[in-house]
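Trainee: Below: sequence and its predicted model.
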Amino acid sequence: MRRKISKELLKWKNLSARKPLLLQGARQVGKTYCLEKLGKKEFQNYHFFDFMENPSLSQIFEQDLQPERIIRDLGLYYDHDIILEKDLIIFDEIQQCPKALTSLKFFSQKSPNAFIAASGSLLGLGLSDEPFPVGKVTRYKLYPMDFEEFLEAIGQKRLISILNSATLNSPVNEAIHQKIWLYYKYFMITGGLPEVVKRFSEKIDTLSEAFSETRKLQQELLKDYIDDITKHSGKIKAVRIDAVFKNVPIQLAKESNGVKKFVFKNVLPNASRYSSLEAPIEWLIKAGLVIKVPICNKAELPLQAYSDEKRFKLYMFDVGILGAMLGLSPKTIFSYDYGSYKGYFVENLVLTEIVSQLNKQIYSWNRNMAEIEFLLDYETDIIPIEVKAGVSTKAKSLSVYKQRYSPKVSFLLTGRPMLQTKSALVQLPLYMAPKLENYL
């Protein structure tokens, strides 16, 4: 599977001097795969050290944190000849060995020509007691696969070419739009976790089997995420975190007219205030399992100054896991006819696409009866993005927003194939959410 982040990893490799690389992300998004692919493709030799699979590796970091001694002992332990300035050295699941994480600081200072790459879950790194090597590592964040990565993984490169060549003057025609939309619905079912996409791709010739196997794997992964909550937080805290985690999809699915503010009441017994839920919510954000979108009452820079910590939306990190948590069958999702779910489901998918491309905090705007799903702080501008699950192009809230703030550009994403611009409004199909930056 080709991941877009591979280009960034290659740039890092080609630097004349480099800091250690730290690839972060939620579990199961493909961090290990990306680093091993870099090693296989770009280096004559690479050495892989997995701290989760082999906890005894941590002992090598107990004596001291001197790079040459660490590499020497790792080579002796595995009977490898490691050339520090030629070979790629991968520290996988580095959150399992806090001292290995700290050692990256010394690799940065004493071995700037070394190729040290580490992967770590957002959760484990966020909970570590060891000091983080701030300023001493090059950090990248990996998200679930986006729609283009999904298309390539299932052998639809030609559709990617069509998306890349589409312009305001030459949009996708209706026939091709219907084909792309078919695969977009598949993507709603699978989400972007690589293992799920791979399973779907292997079974796609028999669609009923593909749907069944996909959902079965999603349920297994969901159990793993829930087990992680207990593993990393303890039984008492886990009950609260698990309750919040399972409540996010429920609240998303309640509204037929878009996602509303996350409501604190009835999530936990005898807890109806933000203060009671703040810790579990922040835990889930650190773990990369939910995405927080603050709601602004004013669309001015800096957006953070006009948001209230108690007013926000919560979305799931992956739309495939979202469908599994709600018990929405793949056939139901594929039919694109599931009542109030449809609006929020697409909204969640669009958000994950935007976040994966721009890696920025996304906001929302709400005033009186007008609401803009997403606000993007881009350079010196604030970009409003309205999302419509169907083919309607009526955008009352966007009109209200434009009259009030006169944005340089605004976006309307719908189920139509249309690409057009009028009065600083760019209208795009939903599946082109990863390409918003091309029109800024």
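Mentor: Great, that's in hand.

Trainee: C-alpha from now on. contacts and neighbour counts both.
Mentor: Will do.

Trainee: on contacts alone, who are the packing partners of the helix or strand harbouring residue 293?
Mentor: Assigned by DSSP states H and E, residue 293 belongs to strand 290-296. Here strand 290-296 touches helix 274-286, strand 307-316, strand 362-367, going by 3 or more C-alpha pairs under 8 Å, 6 or more residues apart in numbering; DSSP states H and E.

Trainee: hmm, try it at 7 Å
Mentor: If contacts are counted by 3 or more C-alpha pairs under 7 Å, 6 or more residues apart in numbering; DSSP states H and E, strand 290-296 sits against strand 307-316, strand 362-367.

Trainee: Can you show me the helices along the stretch 301-440 of the chain?
Mentor: 319-326, 330-335, 341-358, 396-405 (DSSP state H, counting those that start in this stretch).

Trainee: Check the stretch 151-300 of the chain too.
Mentor: Under DSSP H, counting those that start in this stretch, the stretch 151-300 of the chain gives helices at 157-165, 174-190, 194-203, 207-233, 235-254, 274-286.

Trainee: Adding mean pLDDT as columns, could you present those helices in CSV?
Mentor: Below are these laid out as CSV (pLDDT from 0 to 100):
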stretch, mean pLDDT
helix 157-165, 94
helix 174-190, 96
helix 194-203, 98
helix 207-233, 95
helix 235-254, 92
helix 274-286, 93
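
Trainee: Quick one: closest of those helices to residue 50.
Mentor: Nearest to residue 50 among the helices of the stretch 151-300 of the chain is helix 207-233; the distance by C-alpha to C-alpha comes to 17.9 Å.

Trainee: and the angle from the closest one to helix 174-190?
Mentor: 40 degrees (axes from the mean of the first three to the mean of the last three C-alpha atoms, to 10 degrees).

Trainee: quick one, strands of the stretch 1-150 of the chain?
Mentor: 21-25, 46-50, 88-92, 115-121, 138-141 (DSSP state E, counting those that start in this stretch).

Trainee: Quick check: neighbours of the first one in the sheet, parallel or antiparallel?
Mentor: Read that as strand 21-25. Within its sheet, strand 21-25 is paired with strand 115-121 (parallel), strand 138-141 (parallel), according to DSSP bridges.

Trainee: what's the closest of these to residue 423?
Mentor: Within the strands paired with strand 21-25, the stretch nearest residue 423 is strand 138-141; the backing value is 35.4 Å (C-alpha to C-alpha).

Trainee: What's the mean pLDDT across that closest one?
Mentor: Averaging pLDDT along strand 138-141 gives 96.

Trainee: got the buried residues for that strand?
Mentor: Residues 139, 140, 141 are the ones in strand 138-141 that count as buried (16 or more other C-alpha atoms under 10 Å).

Trainee: From what I see, the last one and residue 22 are in contact.
Mentor: No - with contact taken as C-alpha atoms under 7 Å, residue 141 and residue 22 are classed as non-touching, separated by 8.4 Å.

Trainee: what number of residues lie near residue 10?
Mentor: 12 (other C-alpha atoms under 10 Å).

Trainee: State the distance from it to residue 4.
Mentor: 11 Å (C-alpha to C-alpha, to the nearest Å).

Trainee: repeat for residue 142
Mentor: 10 Å.

Trainee: Which one of these two is surrounded by more residues?
Mentor: Between residue 142 and residue 4, residue 142 has the larger neighbour count (other C-alpha under 10 Å), namely 21 against 15.

Trainee: Which pLDDT does the model give the residue nearest to that one when sequence neighbours are not counted?
Mentor: Using C-alpha to C-alpha, 6 or more residues apart in numbering and skipping residues adjacent in sequence, the residue nearest residue 142 is residue 25, 5.0 Å away. At residue 25, the pLDDT value in this model is 94.

Trainee: Identify the bridge partners of residue 25.
Mentor: With DSSP bridges as the rule, residue 25 is bridged to residue 121.

Trainee: returning to that earlier point: which one of the helices of the stretch 301-440 of the chain lies closest to residue 115?
Mentor: Residue 115 sits nearest to helix 341-358 of all the helices of the stretch 301-440 of the chain, at 25.4 Å, using C-alpha to C-alpha.
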